[in-house]
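> just the structure for this:
(4 chains)
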4 protein chains.
Amino acid sequence: MIKVGVVGGTGYTGVELLRLLAGHPEAELAVITSRSEAGHAVADLFPNLRGSVDLAFSEPDTARLSACDLVFFATPNGTAMSMVPQLLDAGVRVIDLAADFRLRQADEWQQWYGMQHACPEYLQQAVYGLPEIYRSAIAQANLVANPGCYPTAVQLGFLPLLEEGLVECGQLVADAKSGVSGAGRKATTAMLLCEASENFKAYAVGGHRHLPEIRQGLEMVAGKPVGLTFVPHLTPMIRGIHATLYAQLLDTDCDLQEVFETRYSGEPFVDVLPAGSHPETRSVRGANHCRIAVHRPQQGNTVVVLSVIDNLVKGAAGQALQNMNVMFGLNELTGLKNIALLP
Amino acid sequence: MIKVGVVGGTGYTGVELLRLLAGHPEAELAVITSRSEAGHAVADLFPNLRGSVDLAFSEPDTARLSACDLVFFATPNGTAMSMVPQLLDAGVRVIDLAADFRLRQADEWQQWYGMQHACPEYLQQAVYGLPEIYRSAIAQANLVANPGCYPTAVQLGFLPLLEEGLVECGQLVADAKSGVSGAGRKATTAMLLCEASENFKAYAVGGHRHLPEIRQGLEMVAGKPVGLTFVPHLTPMIRGIHATLYAQLLDTDCDLQEVFETRYSGEPFVDVLPAGSHPETRSVRGANHCRIAVHRPQQGNTVVVLSVIDNLVKGAAGQALQNMNVMFGLNELTGLKNIALLP
Amino acid sequence: MIKVGVVGGTGYTGVELLRLLAGHPEAELAVITSRSEAGHAVADLFPNLRGSVDLAFSEPDTARLSACDLVFFATPNGTAMSMVPQLLDAGVRVIDLAADFRLRQADEWQQWYGMQHACPEYLQQAVYGLPEIYRSAIAQANLVANPGCYPTAVQLGFLPLLEEGLVECGQLVADAKSGVSGAGRKATTAMLLCEASENFKAYAVGGHRHLPEIRQGLEMVAGKPVGLTFVPHLTPMIRGIHATLYAQLLDTDCDLQEVFETRYSGEPFVDVLPAGSHPETRSVRGANHCRIAVHRPQQGNTVVVLSVIDNLVKGAAGQALQNMNVMFGLNELTGLKNIALLP
Amino acid sequence: MIKVGVVGGTGYTGVELLRLLAGHPEAELAVITSRSEAGHAVADLFPNLRGSVDLAFSEPDTARLSACDLVFFATPNGTAMSMVPQLLDAGVRVIDLAADFRLRQADEWQQWYGMQHACPEYLQQAVYGLPEIYRSAIAQANLVANPGCYPTAVQLGFLPLLEEGLVECGQLVADAKSGVSGAGRKATTAMLLCEASENFKAYAVGGHRHLPEIRQGLEMVAGKPVGLTFVPHLTPMIRGIHATLYAQLLDTDCDLQEVFETRYSGEPFVDVLPAGSHPETRSVRGANHCRIAVHRPQQGNTVVVLSVIDNLVKGAAGQALQNMNVMFGLNELTGLKNIALLP
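Purely as a prediction, here's the structure:
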């Protein structure tokens, strides 16, 4: 059994992590901390966990966390970086679901996250937790930076095209739509049901924090600079991300369907749909899958990739468990066989 | 392994049954039939099942079904009754998720369902599949009538009050609210998103088919006639039933909270919330639980019970699996440990 | 032209009031105050008003408000009572959309609203702004207490039954369902889309502030004490209240349909639907109507009334304008002819 | 008074047309036809119209329609073209809200709509009803082809860029998201609440009927061929279209904000938001406005335009009334001053 600690865990990523951990046969949730909820039973905050999770939140406490094999951070950005060095020194492995270790350059991190990085020396050592690219490095890693939700959907969609050099890298467009849970559980007027339902809008068109993360990831794969326009939108539903990706084909003769199917043939959580398909976000609701379809409309020069995930699962907590499975040598599917809830 | 057949299975009850069966370690889905979809892969109709269910729909075929240990009917009302006798004769056990065997009187069934019953002699032999009342009979049964969704939520809410004789039986009120999936997957104008979202309405106030089923169940428990006003409503969400139950207390001294906790203390799927609670339908979304709270507003003579289920799980497919577990001597929780999806 | 001031106006009742005032041909919005938003254009906060409302919020200022003919308070409970006496003294007429003047007894007000009333001497002089009952008093009133949303739907539904003495007054049940906008525009976790959508729950079963208001209103009509159980629920939509009302008939021979049609035959905003109907909340979305249907299920002793309103219109801002029309001798329909938005 | 007839009118475009016509001071609804609903009161089908529209549907009847000044067709594609020539010959002016007269080439129409055009000779004479471009021609027109919903949002967004020659015309991308009402009121499984809510998907990526309409419109403006990738998506709400438009700038020195503000300065229904804004679909719900924002993310070569409309108003019935106002020399705002319903 892997002895697991969770720091944070009062947000949506946290409750999803708890739901999945409760069903994981090889993980034992030993401690869950929250400064604001210390002393309260987890199941009082999240009634879906009644009968499944008996723990209460406790004050953050490095000593107790150090007794764990693995600690997940499901905290706001900027929290993990202040505790991670100490835990690593104590021999604990760490998966950070926030953004603290996602960017490799400290100055870029500071620019986008608006604070100084507390331990920039760890940025190069952290492994980016996208198993479909970095599986072997994750297996060895002590510190995994779990990818953002948009970055997961967008990178998995562009990946085969960039690896094969099939598209013009300078003009990529990622038009992404997210359910409201991506904004977290914090009380803000804009995320009230009365503001966000029966409504659709773009946001952060001028620049979103996931832009540098996606660009860094795509450039690693492409081996050269990429030009990316990333426009996130808020769509009136709880869960799900749909990324619609546009690129200009350099080679219109290749069989795009085959390229995608080949690339992901061995991947347990990436499902390439038959040609002509349109993946629906609900087909992955609650599940760790990314479903992808590739189109070339009107047989033109533009390739359109449709990529869907559940932002809280493959885009957060599920991917974190997948990384845990890889890190601890378990079958990657362990505890992640949930089927999407439909309808 | 229990060899399982499913008849029907193209509706919401069907896809939910498949989702749960795919995760049940002791059941093997051997055949699934659908006249309209014969030849098509199940996962083409329900993309959430891609990678989990490989079967294709086949034509209904009594011979193949007779090779099963258990057949579920997830068909429209009136279908099961034409096939069940033959299957029972072949030694197959049957759980009918439709209404064919829920009422004990053939004339009452005919009155509410608008057709003659094809095998009225089976109505007395069928066991009503509410394990919280009929567990031991279910264990022995060859034919189980799986309860309706409203009847499950309403009966579990009234049960402790009637068993203990605490309320006036002549003036029960059940004000019930259901998500739209209760109406099934059939294309009807009234269930379009544009008609049913951002809208709330009552329906069938004059008389709903679940009225006689609930009344029959309550009278069995009370041991005398009950007067019940049942008003169902459509609420703009996919899953969930919330029953708000009203009764006049005969005895205002009893500890209602204790009555409920005692009654359900050994029940794995009925969760009595602490005094003062308000159960939310989302706390059981995708899970087989019924969560209940009991109130006595303003310390008056009226008791108010709040009872929530997922209409497709405890109100249909989950309860059917629970019945299967009971019938085949398995741990009742087998394959039903899913935690509700929240948010 | 009626010179109108609005105090508050940054909540949902406020924006709805502004929308309706902008379309009212006899009202001129002269001043709108908000401490928190002073200096900001109204249309920056509510983009639907761009091009229709040019005003900016200003600091609350009794002098400027005193130059108005009428001031609406769209403030949290407890604000109006501190400013109203001064305005009345200045000859300004007032409509309070909050609860400050709805209850006639100061001690009861204090008990339910948790603060001492600032001007209890005005409670008896305030006129309760339900025109279907108090039209002539409203016409003369200087201070109108605009009813709550639930109280409007519930009272209009019970009214004909109580006026005619047709039901047992001791056992009334009002099971009411509200859209989320009833909770206002304040940022609270419970009203986030991710908490409130795809979910249904009761709340405040032990006692809701609208209970004493409804009871007071019903007792005025019945001329004797009434016993009322009131259970509010939150339903996952923005606008709309559906009240389902239950009472025991004293006389089962009367023609309930005729009683209702007769009572409301001259009322411009109360629409009694044909027998057997089920009113939908969307049929009044954005409109000032209350639509009602009356049922006697299974020809029993229980009468069921279904009553729907838009909580922000007939349940708040629309009713306030209706009261304004009555107070200033205008045609009651002026500025209130909007047709509900469907779908 | 303009004597108006409506053919069709049982769909969402129809009920919206009736809502707006009922509030138009210069139009008198004389006849409304529907083969399927003949004899039924309009308000029985659409309860929001109770008290506002007294008419009943009648059988389609050219004689009665010929007595009108103007006939709107709110019919499925392919219906108007069989009746329009006769009405025009009778001196009736026509606005077709369907697609029959939107494309100028009969062969292209046949290719996309799958049937032969009944009166191709009228395709050149029909005026495309986008007043922001063709106002003077509309004023003279006898036959107006009311634009599609996506085409309205997309063309208004691209218009200033193409008129000024600011972008590369060969690589335009229109990523558009529509509420479900765009699919009409027909009962189809895919548009059930349980299929379309809590879900997001693209559709018709290979080719949508609005593609040739948009391309034709953009080419008219640009004066040369354009290359357009158009991807429509279904978003879980009733009303609203959000078009996110991408183009490569030829000139990065121009002031895009000024270009847009100048172009639309005199337009009563196009609202250019301040720089940095993100228009929300709810800001136009029920209103005839198009709200637009223009961005140049990260000061790069890609311009991003955000354009929102209510698909049933500016995207259908409202634009039709705007065209009527233009055709009959009325103030263009007449009957179209409704403010969007928010929340």
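> for whatever residue of the stretch 151-300 of chain A ends up closest to chain B, report the pLDDT, please.
Ranked by Cβ to the nearest Cβ, the top residue of the stretch 151-300 of chain A for proximity to chain B is A:Ser283, at 4.0 Å. Quick note: C-beta positions are derived from backbone N, CA and C, even for glycine. Predicted confidence (pLDDT) for A:Ser283: 98.
> got a list of what the closest residue to it other than its chain neighbours touches?
Counting by Cβ to Cβ, 6 or more residues apart in numbering or on different chains, B:Pro47 is the residue found nearest to A:Ser283 once chain neighbours are left out, at 4.0 Å. Neighbouring residues of B:Pro47 by Cβ atoms under 8 Å, 6 or more residues apart in numbering or on different chains: A:273, A:279-280, A:283, A:291, A:342.
> same deal with A:Val284?
A:Val284 neighbours (Cβ under 8 Å, 6+ apart): A:240, A:290-291, A:308-310, A:313-314, A:340, B:48.
> any part of whatever helix or strand A:Phe158 lives in near chain C?
Using DSSP states H and E, A:Phe158 falls within helix A:149-163. No. Judged by Cβ under 8 Å from any Cβ of the partner chain, helix A:149-163 and chain C are separated, with a smallest distance of 14.0 Å.
> quick one, helices of the stretch 201-343 of chain A?
A:210-222, A:256-263, A:318-327 (DSSP state H, counting those that start in this stretch).
> quick one: closest of those to D:Ile133.
D:Ile133 lies closest to helix A:210-222 among the helices of the stretch 201-343 of chain A, at 35.0 Å (Cβ to Cβ).
> partners of the helix or strand hosting A:Gly5, with directions?
Using DSSP H and E, A:Gly5 falls within strand A:2-8. Sheet pairing for strand A:2-8, assigned by DSSP bridges, gives strand A:27-33 (parallel), strand A:70-74 (parallel).
> elements contacting the helix or strand following that strand?
Next along the chain after strand A:2-8, taking DSSP H and E as the criterion, comes helix A:12-22. Packing contacts for helix A:12-22, counted by 3 or more Cβ pairs under 8 Å, 6 or more residues apart in numbering or on different chains; DSSP states H and E, involve strand A:2-8, strand A:27-33, strand A:70-74, helix A:318-327.
> go with 6 Å
strand A:70-74 (3 or more Cβ pairs under 6 Å, 6 or more residues apart in numbering or on different chains; DSSP states H and E).
> how far does the strand it packs on sit from the chain's center?
14 Å (Cα atoms, centre = their mean, to the nearest Å).
> just stretch A:225-234 next, same as before
17 Å.
> any residue of it up close to chain C?
No. Counting by Cβ under 6 Å from any Cβ of the partner chain, no contacts exist between stretch A:225-234 and chain C, the nearest distance being 9.5 Å.
> which parts of that stretch are buried?
A:226-234 (16 or more other Cβ atoms under 10 Å in any protein chain shown).
> what does it rub up against?
The contact list for stretch A:225-234 (Cβ atoms under 6 Å, 6 or more residues apart in numbering or on different chains) reads A:169-177, A:201-202, A:204-205, A:208, A:211, A:215, A:218-219, D:244, D:297, D:302, D:304.
> what sits closest to A:Gln257 if chain neighbours are left out?
A:Ala275 (4.8 Å).
> check the gap between the residue nearest to A:Ser283 and A:Val305 for me.
17 Å (Cβ to Cβ, to the nearest Å).
> A:Leu193 now?
Relative to A:Val305, and taking Cβ to Cβ, A:Leu193 is found at 32 Å.
> what of A:Thr13?
26 Å.
> these two: which has the busier surroundings?
Taking other Cβ atoms under 10 Å in any protein chain shown, A:Thr13 and A:Val305 do not tie; A:Thr13 has more neighbours (29 against 26).
> quick one: pLDDT of that one?
On the pLDDT scale, A:Thr13 gets 97.
> just A:Gly9 next, same as before
87.
> quick one: it and A:Thr33 touch, right?
No. A:Gly9 lies out of contact with A:Thr33 (Cβ atoms under 6 Å); the separation is 7.4 Å.
> more neighbours, the two?
A:Gly9 (27 against 23).
> tell me the contacts of the more buried one?
A:32, A:74.
> same question, the one 3 residues further on
If you count contacts by Cβ under 6 Å, 6+ apart, A:Tyr12 has them with A:181, A:185, A:312, B:343.
> count of neighbours near the third one?
By the measure other Cβ under 10 Å, the count of residues near A:Leu312 is 32.
> show me what contacts it?
A:12, A:16, A:181, A:239.
> which one is it nearest to, not counting chain neighbours?
A:Glu16 (4.4 Å).
> the one you found and C:Gln86, how far apart?
Relative to C:Gln86, and taking Cβ to Cβ, A:Glu16 is found at 53 Å.
> among the two, which residue is more densely surrounded?
Using other Cβ under 10 Å, the more surrounded residue of A:Glu16 and C:Gln86 is A:Glu16, with 30 against 13.
> pretty sure the more buried one contacts A:Ala317?
Yes. Contact criterion Cβ under 6 Å: A:Glu16 and A:Ala317 qualify, at 4.0 Å.
> returning to that earlier point: surely the residue of the stretch 151-300 of chain A closest to chain B meets B:Asn48?
Yes. Between A:Ser283 and B:Asn48 there is a contact under Cβ under 6 Å: 5.0 Å.
> what touches both of the two?
A:Ala340.
> let me know the closest of the contacts of A:Val284 to chain C.
A:Gly240 (11.9 Å).
> how many neighbours does the closest one have?
32.
> for it, give me its contacts.
Listed by Cβ under 6 Å, 6+ apart, the contact partners of A:Gly240 are A:179, A:281, D:200.
> next, count neighbours for A:Leu250.
Neighbours of A:Leu250 (other Cβ under 10 Å): 14.
> quick check on it: phi, psi?
phi -90, psi -30 (degrees, to the nearest 10).
> quick one: buried residues of stretch A:2-11?
Neighbour-count burial for stretch A:2-11 [16+ other Cβ under 10 Å]: A:2, A:4-11.
> ok now stretch A:315-325, how far from the chain's centre?
With Cα atoms, centre = their mean, you get 8 Å for stretch A:315-325.
> what pLDDT, on average, does it get?
Mean predicted confidence for stretch A:315-325 is 98.
> ok, stretch A:112-126 next?
pLDDT averaged over stretch A:112-126 gives 97.
> list the buried residues of that stretch.
A:112-113, A:117, A:119, A:122-123, A:126.
> mind listing the strands for chain A?
A:2-8, A:27-33, A:70-74, A:93-96, A:127-128, A:143-145, A:172-178, A:201-202, A:228-234, A:241-248, A:270-272, A:290-295, A:302-309 (DSSP state E).
> out of these, nearest to B:Met327?
strand A:27-33 (32.9 Å).
> run through who's touching that closest one.
Against strand A:27-33 from outside (Cβ under 6 Å, 6+ apart): A:1-7, A:9, A:21, A:55, A:57-58, A:60, A:64, A:68.
> max pairwise distance over those: which two?
Taking Cβ to Cβ as the measure, the contacts of strand A:27-33 have their most distant pair in A:Met1 and A:Pro60, spaced 23.0 Å apart.
> neighbour count for the two, which is higher?
A:Pro60 (18 against 10).
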